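Visitor: sequence and computational prediction follow.
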Amino acid sequence: LSAERAASLADAARLRTELDECRRNLDRYKDATGKDLAALEAEKATKSVLETRTKAQAELNANLADQAALFKEQRDLAESRAEKNGLELAALRARVAELELALQEAETRVRDGEVVRRKLHNTIQELKGNIRVFCRVRPLSSEEEGSRGGGGGGEQQQTDININNRVALLSVPASGEGKALEVFQPSKGGTNTATDRDQKHNFTFDRVFSPEAPQEEVFEELSHLVQSALDGYKVCCFAYGQTGSGKTHTMLGSQDNPGLIPRAMHQVFETAQHMAAAAAAAANQQGGGGGWKWDMKAAMLEVYNEDLHDLLGPGPPTGKKHTISHDDKGNTTVSHLHWVDVADADKVSFLLNRAMERRAVGATAMNDRSSRSHFVFTLAIEGTNASSGQKVKGLLHMIDLAGSERLDRSQVAGDRLKETQSINKSLSALGDVISSLANKDGHVPFRNSKLTYLLQHSLSGSGKALMVVNVSPALESLPETLCSLRFAAKVNACEIGTAKRQITMNK
């Protein structure tokens, strides 16, 4: 026990010595730092917090380093792609430059081709003749169908007479490029057998349309002349024939089956828009100032009892009348005529409906809505190409003539009689003009009628003209049919010279 006690005392003495040493060290630390034990503990706590923050920052730095490495990889990949895209972009730019050059060359060829097209188009029209004649045979009416007998066969389609002698025998082409027409005049016996027909009349025109020919087929031939108006020529198309032969149907048609005038308007505006777009594209490609711009104006009038009536405007001032004048440049002017700016076919259609409401019509024994005046529709076309400086001025006349009548058939009196006499007189004046042109007379009597004076430049060689002679297949109309066909044949034989294009170049 005394040994253990001695050891314990020795340990206690050592611990006291260490404690004293610690106290001396603490006193020395306190003397050196001026801090006590509480401050030391606070320092330790702060150190622990700092160590924790340092560890967290180290982890954050490690994450940032990983992200930086990822971003570097992405940057390297992007730079690689950019370099590849740069090469592709350079190749695309070179291809675009090639295509732009090819487009410029193509646009140049288009413009050159347009010039060639116009020359060839108008050369073809001149070879066909600057005054052309179409013949259109209207279908039988329901009354005429009721008196119709058996028909012929073969490649020609025949409209024939039988029991009641109501239908003349016409041999017309069923389709295609038909130009021949035969009219069979039955003998006075009226049996109309193969041996009883004592006369056959043959006619040849630029085109002959059968009763089944649709409006589209007739307009297809006119469309070439409509293009000439856009090219800067004066173009005149008029429908001729006896009353009830289908002239107004040919020229105006109906809403569901439009005639030549509405179809011509659609072609004019669609073609003008196409030309404007094509020329603008070419001008923009070359840094030019633009392509074709079109200014179009429409006017509508009627020749009624040898007086001109404006169908769109208020007419001349009180006490004055419309007058017709011509200048030495081939331009025709009607005084006090109201012109309307038109930008599309719908506007023209609206104006046509308004004009038709004001046009003179009346009932006769031959037609319950007979046109009692000559209707003249005019479209003035002016086109300017800002890039080339080219300017064209075209004029399109579309005319629905009043029908010729025999007084014993129309059975008119009073005002209707006066109208008939005026109509026949003006049509007779038209015949005199055609005869003078055919005979190449030194003087052509254009002034004998307001109608012929109005159409002087269109018929005298500076323009292009088309006559559509409309005929009825009814036997009771055979004298008028033959008269119309003979007049049309005379027109077809006329040579009116070479049409002149109105084109200028702006300086």
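Guide: Arrived safely. Numbering: from 1, shown residues only.
Visitor: going forward, measure contacts and count neighbours with C-alpha atoms only.
Guide: OK.
Visitor: which secondary element of the protein has the worst mean pLDDT?
Guide: Of all helical and strand segments in the chain, the minimum by mean pLDDT, DSSP states H and E falls on strand 156-159, at a mean of 47.
Visitor: show me what the host helix or strand of residue 133 is packed against.
Guide: Using DSSP states H and E, residue 133 falls within strand 131-137. Secondary-structure packing of strand 131-137 (3 or more Cα pairs under 8 Å, 6 or more residues apart in numbering; DSSP states H and E): strand 207-209, strand 463-471, helix 478-492.
Visitor: partners of it in the sheet?
Guide: For strand 131-137, the paired strands and their directions (DSSP bridges) read strand 207-209 (parallel), strand 463-471 (parallel).
Visitor: any idea how far residue 44 is from residue 75?
Guide: From residue 44 across to residue 75, the span is 45 Å (Cα to Cα, to the nearest Å).
Visitor: ok, now residue 339?
Guide: Counting by Cα to Cα, the gap from residue 339 to residue 75 is 70 Å.
Visitor: who's more crowded, those two?
Guide: residue 339 (17 against 12; other Cα atoms under 10 Å).
Visitor: where along the protein do the helices fall?
Guide: With DSSP state H as the definition, the chain shows helices at residue ranges 2-33, 37-128, 142-146, 215-230, 247-251, 260-285, 345-358, 407-410, 415-438, 450-454, 456-459, 478-492.
Visitor: for residue 323, find the nearest of those helices.
Guide: When these are compared by Cα to Cα, helix 450-454 sits nearest residue 323, at 9.2 Å.
Visitor: can you spell out which helices and strands pack onto the closest one?
Guide: Using 3+ Cα pairs under 8 Å, 6+ apart, the elements in contact with helix 450-454 are helix 415-438.
Visitor: can you pull the buried residues of the helix it packs on?
Guide: Of all the residues in helix 415-438, those buried under the rule 16 or more other Cα atoms under 10 Å are 416, 419-427, 429-438.
Visitor: what packs against it?
Guide: helix 450-454, helix 478-492.
Visitor: need the winner for burial among those helices.
Guide: Highest mean neighbour count among the helices and strands packed on helix 415-438 (mean count of other Cα atoms under 10 Å): helix 450-454, with a mean of 22.
Visitor: now do that helix: distance to the chain's middle.
Guide: Distance of helix 450-454 from the chain centroid (Cα atoms, centre = their mean, to the nearest Å) equals 31 Å.
Visitor: ok, residues contacting it?
Guide: The contact list for helix 450-454 (Cα atoms under 8 Å, 6 or more residues apart in numbering) reads 303, 306-308, 324, 332, 374, 426, 429-430, 433, 446-447.
Visitor: among the residues you listed, which one sits closest to residue 214?
Guide: For those, the nearest to residue 214 is residue 374 (24.1 Å; Cα to Cα).
Visitor: wait, that closest one sits on residue 398?
Guide: No - Residue 374 is beyond contact range of residue 398, at 10.7 Å (criterion: Cα atoms under 8 Å).
Visitor: more neighbours: those two, which one.
Guide: residue 374 (26 against 22).
Visitor: count of residues packed around the closest residue to that one other than its chain neighbours?
Guide: Nearest non-adjacent residue to residue 374, counting by Cα to Cα, 6 or more residues apart in numbering: residue 401, 4.4 Å away. Applying other Cα under 10 Å, we find 27 residues neighbouring residue 401.
Visitor: which residues touch residue 401?
Guide: 238, 239, 240, 241, 247, 373, 374, 375.
Visitor: pLDDT value on it, please?
Guide: With respect to pLDDT, residue 401 scores 91.
Visitor: look up phi and psi at it.
Guide: Per-residue torsions, residue 401: phi -70, psi 150 (degrees, to the nearest 10).
Visitor: check the gap between it and residue 442 for me.
Guide: For residue 401, the distance to residue 442 - Cα to Cα - is 27 Å.
Visitor: ditto for residue 180
Guide: Here the criterion is Cα to Cα. By it, residue 180 lies 32 Å from residue 442.
Visitor: how about residue 295, what does it touch?
Guide: 341, 343, 381, 382, 383.
Visitor: dig out what it forms beta bridges with.
Guide: Going by DSSP bridges, residue 295 is paired in beta bridges with residue 382.
Visitor: can you give me the pLDDT of it?
Guide: At residue 295, pLDDT is 94.
Visitor: quick one: low-confidence parts of the stretch 101-250 of the chain?
Guide: 107-130, 144-177, 187-198 (pLDDT under 70).
Visitor: 80 instead?
Guide: 103-130, 141-178, 184-199 (pLDDT under 80).
Visitor: what of the stretch 251-400 of the chain?
Guide: Within the stretch 251-400 of the chain, the stretches with pLDDT under 80 are 275-291, 330, 360-372, 386-389.
Visitor: mind checking how far stretch 67-74 is from the chain centre?
Guide: Distance, centroid of stretch 67-74 to centroid of chain: 61 Å (Cα atoms, centre = their mean).
Visitor: dump it to PDB, keeping only the CA atoms.
Guide: Coordinates of each C-alpha in stretch 67-74 appear next as PDB, following Å, rounded to 0.1, in the frame of the first residue of the first chain:
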ATOM      1  CA  GLN A  67     -18.300  23.200 -65.200                       C
ATOM      2  CA  ALA A  68     -15.400  25.200 -66.700                       C
ATOM      3  CA  ALA A  69     -14.100  22.000 -68.200                       C
ATOM      4  CA  LEU A  70     -17.500  21.200 -69.600                       C
ATOM      5  CA  PHE A  71     -17.900  24.700 -71.000                       C
ATOM      6  CA  LYS A  72     -14.500  24.400 -72.500                       C
ATOM      7  CA  GLU A  73     -15.500  21.200 -74.300                       C
ATOM      8  CA  GLN A  74     -18.700  22.800 -75.500                       C
END
